[in-house]
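Chemist: 3D, please:
(one chain, ligands or ions: 1)
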Amino acid sequence: MTGHSRGASKPSRPSRPHPPKRRTGPSRPPVEDPARLAALETLRAVRQRDAYANLVLPQMLRDRRITGRDAALATELTYGASRAQGLLDAVIEACSDRPLSEVDGSALDALRLGTYQLLRTRIPSHAAVASTVDLVRAELGSGVAGFVNAVLRRVAEQDEAAWVDELAPDPDTDPIGNLAFTHAHPRWIAQAFAEALGSREEPLKLALAADDARPAVHLVARPGEVSADELAAITGGDVAPYSPYGVHLEAGAGDPGDLEPVRERLANVQDEGSQLCALALTRASLEGGDNGGTDDRWLDLCAGPGGKAALLAALVGLEGGELIAVEKAPHRAELVRKLTSGLPVTVEVADGLETGFVEGAFDRVLVDAPCTGLGALRRRPEARWRRQPADVGTLTKLQRELLTEALRLVRPGGVVAYVVCSPHLSETVGVVTDVARRTGAEVLDTRELFPGVPDLGEGPHVQLWPHLHGTDAMFCAVLRRPV
Ligand SMILES: C[S@@+](CC[C@H](N)C(=O)[O-])C[C@H]1O[C@@H](n2cnc3c(N)ncnc32)[C@H](O)[C@@H]1O
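Modeler: Predicted coordinates:
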């Protein structure tokens, strides 16, 4: 982590794990509250250098040996404040004597941390205010601490419901804006969810609420190595409802990377929805073709960091086949190599649009395309406030090109699964409909490839949802190249 001190005269924080020397005066580092300090510094890294909270915080906790209840508190405060940022900012602005744009960035981080504790945790108000003000005083001095204290005291005058009542758009004239505010989502994202859900209010409310909650960790057992039952027994989790390889752990159950089966590569962390989409590709029936009806060469065209590649490779390996995993970004290709070690995989660093593979070389192709990630916002705390509507257009162009190329690389009678972690209609139905029309590919009834999964709508595509399936909002369409 970079240093956090703004004033040149302030001493730097002693590095852990050595016990800090006691100091007095306003610049005494608040090391007696390591959880909140870690949360504050992570929020700062997210704001200042576009860092990812779920990468920065676990590393910081490890480096500082913060464990147990402190680690759980730091995680809850960091991820919670990141998710709820828009709602928190509206309340902070209502309680401040100046617009947010004029509030010092570090003070704003602290205000978000304090406001989150006041509105969305059971931490007593006086403790939420005092602990935040102590951190600010130690880092930024008494002047800023006074301002933060005054704002937080005003925030504490009402609970979350009362603030929402006061500040949210009128539900009669702007129901989507009201729900977006209430569940801390940018309006354009709530609008995209509403369109994907058929513009009905109740499902939208449920979807936004589920997206705003702390998600369970999902594991996938490596086929051929360990069963879901065994993995559940080892980890203390529950067998997943739909994926034959899935296990659910309780939300906030610590760092899953520390679990022995994950360290020993018997299991990976993977949302159950991702498992189901990868499995859908393997379940579609193939038709004969130039390759004489083979089924042993599979391609993952956008493989990094490798979750689906690992599952596909384990499955094709059981049948004696192999997976080619293509990834454009070298560092992400390296992650694929690590995650698939010991499996029949060849990793190629290449642009999926220019792989050099001959037409029709593969039996099954996965296009897990780069997307807005609007379907996994619950797992990426700050993402909802970072994404912009303009991202959609750039991505859909690339998505169409990658799906078109996948349909060229698959053999006649072979299948392509188009998957995105987004319910945005432009990235989902829009892309598939357009490419199917231009290429003549057949869109299969993908619901049949999700056996036992309820609430899959009218098809032929599959859209999963956190509030219906407990998964990320993954989209999957399986297409077959005509013979
Ligand atoms: C949604 S992620 C894939 C997730 C992966 N399938 C998994 O399950 O772990 C999309 C990936 O596509 C990669 N990518 C982006 N543009 C690409 C391109 N033109 N060709 C190949 N890969 C690309 C990104 O770097 C990113 O790693």
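
Chemist: and the helix or strand harbouring Glu93, what does it pack onto?
Modeler: Secondary structure assignment for Glu93, by DSSP states H and E: helix 85-95. For helix 85-95, the packing partners by 3 or more CB pairs under 8 Å, 6 or more residues apart in numbering; DSSP states H and E come out as helix 105-120, helix 142-155, helix 160-167, helix 175-182, helix 383-386. The way it works is simple: take the backbone N, C-alpha and C, and place the C-beta from them, glycine included.

Chemist: go with 7 Å
Modeler: Here helix 85-95 touches helix 105-120, helix 142-155, helix 160-167, going by 3 or more CB pairs under 7 Å, 6 or more residues apart in numbering; DSSP states H and E.

Chemist: Nearest to the ligand, out of those helices?
Modeler: helix 105-120 (28.7 Å; CB to the nearest ligand atom).

Chemist: List of residues touching the closest one?
Modeler: With contact meaning CB atoms under 7 Å, 6 or more residues apart in numbering, helix 105-120 is reached by 6, 36, 39-40, 43-44, 47, 77, 80-81, 84-85, 88, 91-92, 100, 123, 125, 128-129, 132, 135-136, 139-140, 144, 147-148, 151-152, 155-156, 159-160, 163.

Chemist: Pull out the buried positions in the longest helix anywhere in the chain.
Modeler: In the chain, with assignment by DSSP state H, the single longest helix is helix 390-409. Buried residues in helix 390-409, counted by 16 or more other CB atoms under 10 Å: 391-392, 395-396, 398-400, 402-407, 409.

Chemist: Would you mind giving the residues you listed as a markdown table with pLDDT added?
Modeler: As requested, the buried residues of helix 390-409 are arranged in a markdown table below (pLDDT from 0 to 100):
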| residue | pLDDT |
| --- | --- |
| Asp391 | 95 |
| Val392 | 97 |
| Leu395 | 97 |
| Thr396 | 98 |
| Leu398 | 98 |
| Gln399 | 98 |
| Arg400 | 98 |
| Leu402 | 98 |
| Leu403 | 98 |
| Thr404 | 98 |
| Glu405 | 98 |
| Ala406 | 98 |
| Leu407 | 98 |
| Leu409 | 98 |
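
Chemist: any idea how far the helix or strand harbouring Phe193 is from the chain center?
Modeler: Here Phe193, judged by DSSP H and E, is contained in helix 187-196. Mean C-alpha position of helix 187-196 versus that of the full chain (CA atoms, centre = their mean, to the nearest Å) differs by 17 Å.

Chemist: tell me what it is packed against?
Modeler: With contacts defined as 3+ CB pairs under 7 Å, 6+ apart, helix 187-196 has these neighbours: helix 175-182, helix 201-211.

Chemist: for the record, mean pLDDT for the first one?
Modeler: Computed over helix 175-182, the mean pLDDT rounds to 97.

Chemist: Around Pro169, count how many other residues there are.
Modeler: By other CB atoms under 10 Å, 16 other residues sit near Pro169.

Chemist: Just the pLDDT for it.
Modeler: On pLDDT, Pro169 comes in at 98.

Chemist: and if you look at Arg23?
Modeler: 40.

Chemist: my guess is Ala190 meets Thr182, correct?
Modeler: No. Using CB atoms under 7 Å, Ala190 makes no contact with Thr182, being 9.6 Å away.

Chemist: These two: which is more packed in?
Modeler: Each of Ala190 and Thr182 has its neighbours counted (other CB under 10 Å); Ala190 has more, 25 against 22.

Chemist: Just the buried ones out of the contacts of helix 105-120, please.
Modeler: The neighbour count (16+ other CB under 10 Å) marks 36, 39-40, 43-44, 47, 77, 80-81, 84-85, 88, 91-92, 123, 125, 128-129, 132, 135-136, 139-140, 144, 147-148, 151-152, 155-156, 160, 163 as buried among the contacts of helix 105-120.

Chemist: pLDDT below threshold where in the stretch 51-200 of the chain?
Modeler: Residue ranges of the stretch 51-200 of the chain with pLDDT under 70: none are present.

Chemist: neighbours of Phe475, just the number please.
Modeler: 28.

Chemist: Is it in contact with Pro423, as I believe?
Modeler: Yes. In this structure, Phe475 is within contact of Pro423 by CB under 7 Å, at 6.3 Å.

Chemist: and for the two, which residues touch both?
Modeler: With CB under 7 Å, 6+ apart, Phe475 and Pro423 have common neighbours Gln463.

Chemist: after the helix or strand harbouring Leu276 comes which helix or strand?
Modeler: Secondary structure from DSSP H and E places Leu276 in helix 272-283. Per DSSP H and E, the first helix or strand lying C-terminal to helix 272-283 is strand 297-300.

Chemist: so what strands line up beside that following strand?
Modeler: Strand 297-300 pairs in its sheet with strand 322-327 (parallel), strand 362-368 (parallel), by DSSP bridges.

Chemist: Go through those strands and pick out the most buried.
Modeler: Mean neighbour count (mean count of other CB atoms under 10 Å) peaks for strand 362-368 among the strands paired with strand 297-300, with a mean of 27.
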